[in-house]
Structure formats: C-alpha cells, structure tokens
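Colleague: here's a sequence, model it:
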Amino acid sequence: MKERPIPYERTIYTDLSVEQLIQQAVARDEGVLAANGALSVRTGSRTGRSPKDRFIVKTADIADEVVWGKVNQPIEENVFESLWQRAQDYLATIDIFIAHLQVGADAQYYLPVTIISEYAWHNLFAYQLFIRPEDFHGQHAQPTWTILTVPGLLTKGIDDGVYSDAALVIHLTERKVLLCGHQYAGEIKKAMFSVLSYWLPKADVLPMHCSANVGKSGDVALFFGLSGTGKTTLSADPKRYLMGDDEHGWSAHGLFNFEGGCYAKCINLSPVHEPVIWNAIRYGAIMENVTLDPKTLEPDYADSSLTQNSRVAYPIDYVEQRIPRQRVDRSPASIIFLTCDLYGVLPAVARLTEAQAAYYFLSGYTALVGSTEIDQAASIQTTFSTCFGAPFFPRPASVYVALFSKRLSTSGAQVYLVNTGWTGGSYGQGYRFPISVTRTIIDAILNGQLKTAEYSQLPGFNLAIPKALPGLDATLLDPRKTWGNLMEYHAKAKALIALFLENAKRFTISPSIQAAAPVLEYLIIILVKHESLLLL
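Modeller: Sure thing, here's the model as predicted:
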C-alpha cells in the first residue's frame, strides 16, 4: 500500500464502477492486472477463512436460537460495540469505498447490504459477488445490513475480547458485520451466508451450501459439497445453465441464488477440465493468491506455494450459459451429495432413499481438500460437516434437516451420493476418481440413465449402486471390486461406518432417519469368519 502524504484529505468513494474500482486498487498497490486481465491480489498470512476468529454477538433475543460453541463463538455486546467504534474511528482517517448491494435473488427474501471497505478491491469483490440493485429490485423491503471491512485495523487479542489480531463479528440483532484484520475476501461472502442461514428458516426457507444449474428442458440440479469436492467445477457445465456456484435458498415456491457471482478455486485450473471457469477469468475478475510469472504476469495455477486455496471471484454474467435472474419457480429434479471419501470404500454413485438422504445430509461426510480454513492440521482429512456447511449454520442441525426433508418430500427430487474421493484403497494407497469418471456419472444422473439403471445393494452401507452405466467400466461402480484385497476393504468400511455412527450420537435423530444409518453387523460377521479361516 502506498503511504499517504501528511496532512491527508480523506475521500469517500460511493458506488464506483468496476473499471473505477480496478483503477483505484492498482493505483493504491492493492494488486496488479495479470496477463489474463484479472486483478491479482494477495491476502497476507490469512489465505482462507479463520474460524477461530469468528464470533456472533450473544443478545437475549437470539440466545436460545443459536448453537453456541466452537463454530458459533459468543461475544458480548459491549465488546462488539467497542470494536465497532474503533473501526468507525479508523475509517474516519482513511479513504473509504461504499457500495449498496443485495444478497438473495428473490423479491421476498432478499437483504439490502451496504459495504464500507478500506480496500478498493474488497469493494470490487462485493460488487462482483453480491447482487447489484440495478439487476434486481425486491418487492418486500427488508432492513439494510452494514458490513465494515478494515484489514488495516488489527485487533489486540485478549485486550479486545478476541483471540488474535483479526476478528469477524456478526451482530444478528443490529444487522451488522465487522471484519478487522482480514484481507481474505471470502470472509465477506460467508458472513452474509451465515446471516441468511440464521434468518431464512424463520421464513420457511432452507439455506443451502450448494451450487445449482438448469438443463435445457428446465430441470434443476443441486450440488452439495465442501470446497475441493467438485461443487463449483461440476456445476459449471457447458451443457447446462448455471444458477450459482455456492449458496442457494429453497422456498415453497422455488429456488434462488444468494449471490450474483462465483468464487472458484484456482489450484490446477485447466481449460480442458474447467472451461467455464477458465473463460470467466478476465478483466473485472479478482484472483486471490495466484502466483504470477514476474515477467509476463501469466498466472501459474499449479503453483501452491502461497496456498492450496487460491481463488477467483467473477460475476455470473461472465458465464455465457446462465440463469439471468438466478432463480426459478420450481424444485430440483436431482440432488447430488458430493463426498470425498478418504477411506475409499464408498461407491462412485449411490441412489438414496428419502430417509438416507436426510441421514447423509445430517452427516455431511466428506474431506477437507485444500481447505478454505487456515491452520488445518493436515492438508487433507476426513470431516463430518453437518448439512455440508457446518461453519455457516447458526441454528441447530435439526432445523435445517427438517426443512430439507420437508422440501424433499414434496418435490419428487431424487438424491444421489457421488464419491469424488478415493477408490481401490484409502488415501495414500488407492487413487482418486478421475474427473472424467465423475462427469460421466453426473451426466448419467442428469440425463435420466440412473433412473432406469439396474441396482444392487452395497452391504454395510445398504446403498443402492448401479450395476452398469454406458461409457463406464462397471468395476468402478462397486468399490469392493476396485480393491485388491476384499478383507482390507471390509476392514476400512467397518472403520468408516463406526465413524458415521459415532458422529450421529451428537444429534437427536428420528427413528425413520436412524433406520437409514449404515450398520456394522454384516461386516463384523464377514471379518470374524475371515479371521476364523486364517486360524484353521
């Protein structure tokens, strides 16, 4: 950042255009224009979300509605007020950028947002990721939310009532979001996702951490999954129309995007495997923590020296085939749970019953692959992220599961579990499903081939798996057949099922959903018989 002359006359920039914000960002040394035209920025030591530095103000009116703990850390109102005042005092001494935007592409359920930022590029990020008022006008006015983002204002840890030199605080009652010390812009969008995830269930709307696209016949598909499991990549399908890549709402009358843009991972990005994303990276897009050639300024997407979580943000109108209004008045036809299985024992694809869909939605089993969170103990690890988005859901899991089941029962949607992780062995021994295989499976789901396929039952998990699919080696569909040693498969399956059952103990589960859980008995019998034969 360039030093300001003293004395300094402060300027307030309001609702600048994309071009004006880019000019300001470059002039202030916030970033550089890469060879592909995108604004390239770095976010310092924080290249992902900082969950340990995220708080919700605990007020009397929400105290009994939020699940307090490591995810939703409580903070006292007086601590927030002190930090908010410090942020306002800080902003009074510097140039600031203000934008008036919205989240939620539904006339009934949208929220107006005013973002006030220290960085021009943070304002640009919000302008490209949120919904612009000229693109959408709500019919039911809601109170405005205010976001203050001040990366240059570092917090003082315990002296400020927080844990480090950065803090993200959400005040649900006063409709305020404060970000101190955070350069990573993903915190901005996810903060508002948490807000909507708290507010919308009261309006009988299910908030979802999922991408969505629409076929030429109007059929809608939802893709649930954590970062790195393929949610953005698989929904950016050249054959279909993109509604959004990350956050959606499902109401009684249809589906709608929360945002007006996309936020895609860049690591190992390829024009062959991700053509839609590749073509969207141009002037107006913002790349975070992508390494550039120092001479040509060409991005090196394979370089992970800064982070595995390199990112690009771009408006949805950079995607040629898209749903212009980002909402449809219908329910999904297909729902896909993307699971990155490190144990290598889940099938490439399974058709779920409604009860199984609720169970696996509640479980949210997958892996943290190149996680969006900082300070992960390992680069890749197993996790159970409730409803495929635990960090963003303030209310009890039962609220979201009940809404999901309610919508599913009246929609006629078919839910599938798709493993984008390992097979033929666990992580480090087997191999990860090639994206070409996963795309073939997704195509089979969307074109109806899996509706007419013949199925068999996978013991233990009791999942319905197809016996064959056109264009795919049938061996890949049954995980038992990809392992060299069947007993090793059963042992790993037993270990994973035990994790599922242990995770489920955290929740109060209805008998119908509990009946859909995987079972250990069959696998234990197999393993005991195997051990007995070895002793003979």
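
Colleague: rest of the way, CA atoms for contacts and neighbours
Modeller: Fine.

Colleague: number of residues surrounding residue 436?
Modeller: Residue 436 has 11 neighbouring residues, counting by other C-alpha atoms under 10 Å.

Colleague: okay, and it sits in which element?
Modeller: According to DSSP states H and E, residue 436 maps onto helix 435-446.

Colleague: what residues sit buried inside the following helix or strand past that helix?
Modeller: For helix 435-446, the following helix or strand on the C-terminal side (DSSP H and E) is helix 449-452. Going by neighbour count (16 or more other C-alpha atoms under 10 Å), the buried part of helix 449-452 is residue 450.

Colleague: after helix 449-452 comes which helix or strand?
Modeller: Next along from helix 449-452, by DSSP H and E: strand 455-458.

Colleague: quick one: distance of that next one to the chain centre.
Modeller: 31 Å (C-alpha atoms, centre = their mean, to the nearest Å).

Colleague: again with stretch 111-126
Modeller: Remark: stretch 111-126 is offset 20 Å from the chain centroid, using C-alpha atoms, centre = their mean.

Colleague: follow-up on the earlier one: quick check: mean pLDDT across the helix holding residue 436?
Modeller: Helix 435-446 carries an average pLDDT of 96.

Colleague: report the buried residues of it.
Modeller: 437-438, 441-442, 444-446.

Colleague: just stretch 324-343 next, same as before
Modeller: Buried residues in stretch 324-343 (16+ other C-alpha under 10 Å): 326-328, 330-343.

Colleague: any idea which helix or strand in this protein has the lowest mean pLDDT?
Modeller: Here the helix or strand of the chain ranked lowest by mean pLDDT, DSSP states H and E is helix 521-535, holding a mean of 58.

Colleague: any idea how far residue 108 lies from residue 380?
Modeller: Separation of residue 108 from residue 380 (C-alpha to C-alpha, to the nearest Å) stands at 40 Å.

Colleague: now residue 401: which helix or strand?
Modeller: Going by DSSP H and E, residue 401 is in helix 397-411.

Colleague: could I have that helix exported to CSV, CA atoms only?
Modeller: Taking Å, rounded to 0.1, in the frame of the first residue of the first chain, the C-alpha atoms of helix 397-411 are listed here in CSV:
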residue,chain,number,x,y,z
ALA,A,397,-28.9,-29.0,12.7
SER,A,398,-32.5,-30.3,13.3
VAL,A,399,-33.9,-27.1,11.9
TYR,A,400,-32.1,-27.5,8.6
VAL,A,401,-32.7,-31.2,8.3
ALA,A,402,-36.4,-30.8,9.0
LEU,A,403,-36.6,-28.2,6.3
PHE,A,404,-34.6,-30.3,3.9
SER,A,405,-36.9,-33.3,4.5
LYS,A,406,-40.0,-31.1,4.1
ARG,A,407,-38.9,-29.8,0.7
LEU,A,408,-37.7,-33.2,-0.5
SER,A,409,-40.9,-34.9,0.3
THR,A,410,-43.0,-32.5,-1.8
SER,A,411,-40.5,-32.0,-4.7
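
Colleague: what's the following helix or strand after it?
Modeller: According to DSSP H and E, the helix or strand after helix 397-411 is strand 414-419.

Colleague: angle of that following strand against helix 397-411?
Modeller: Taking axes from the mean of the first three to the mean of the last three C-alpha atoms, to 10 degrees, one finds strand 414-419 and helix 397-411 inclined to each other by 120 degrees.

Colleague: hmm, who's touching strand 414-419?
Modeller: 333-341, 346-354, 357, 433, 438 (C-alpha atoms under 8 Å, 6 or more residues apart in numbering).

Colleague: same check, this time on stretch 473-488
Modeller: With C-alpha under 8 Å, 6+ apart as the test, stretch 473-488 has contacts from 344-349, 423-425, 458, 465-468, 489, 527, 530.

Colleague: quick one: buried residues of it?
Modeller: Residues of stretch 473-488 classed as buried by neighbour count (16+ other C-alpha under 10 Å): 476-480, 482-483, 487-488.

Colleague: let me have those in CSV, extended by distance to residue 142, secondary structure and pLDDT.
Modeller: Formatted as CSV, the buried residues of stretch 473-488 follow (distance: C-alpha to C-alpha, whole Å; DSSP: H, G, I helix; E, B strand; the rest coil; pLDDT from 0 to 100):
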residue, distance to residue 142, secondary structure, pLDDT
476, 50, helix, 96
477, 48, helix, 97
478, 50, coil, 97
479, 50, helix, 96
480, 53, helix, 96
482, 54, helix, 96
483, 55, coil, 96
487, 58, helix, 92
488, 56, helix, 94
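
Colleague: surely residue 333 meets residue 413?
Modeller: Yes. Contact criterion C-alpha atoms under 8 Å: residue 333 and residue 413 qualify, at 4.4 Å.

Colleague: can you give the distance of the helix holding residue 436 from its chain's centre?
Modeller: Centroid separation for helix 435-446 versus its chain: 21 Å, with C-alpha atoms, centre = their mean.

Colleague: among the buried residues of stretch 324-343, which ones are in helices?
Modeller: Of the buried residues of stretch 324-343, none are assigned to helices by DSSP state H.

Colleague: out of those, which are inside strands?
Modeller: Of the buried residues of stretch 324-343, the ones assigned to strands by DSSP state E are 327-328, 334-339.

Colleague: quick one, strands of the stretch 1-150 of the chain?
Modeller: 12-14, 32-33, 39-41, 54-57, 73-75, 96-103, 111-117, 145-150 (DSSP state E, counting those that start in this stretch).

Colleague: so what strands line up beside the third one?
Modeller: Here strand 39-41 is paired, per DSSP bridges, with strand 32-33 (antiparallel), strand 286-288 (parallel).

Colleague: and of the ones you listed, who's closest to residue 122?
Modeller: The closest of the strands paired with strand 39-41 to residue 122 is strand 286-288. By C-alpha to C-alpha, the value is 9.6 Å.

Colleague: I'd like the next helix or strand past the closest one.
Modeller: strand 291-292.

Colleague: just checking, what packs against that next one?
Modeller: If contacts are counted by 3 or more C-alpha pairs under 8 Å, 6 or more residues apart in numbering; DSSP states H and E, strand 291-292 sits against strand 299-300.

Colleague: how about the nearest residue to residue 190, chain neighbours excluded?
Modeller: residue 392 (7.1 Å; C-alpha to C-alpha, 6 or more residues apart in numbering).

Colleague: got a list of what that neighbour touches?
Modeller: 190-191, 193-194, 197.

Colleague: could you rerun that using 10 Å?
Modeller: 71-72, 190-198, 207-209, 386 (C-alpha atoms under 10 Å, 6 or more residues apart in numbering).
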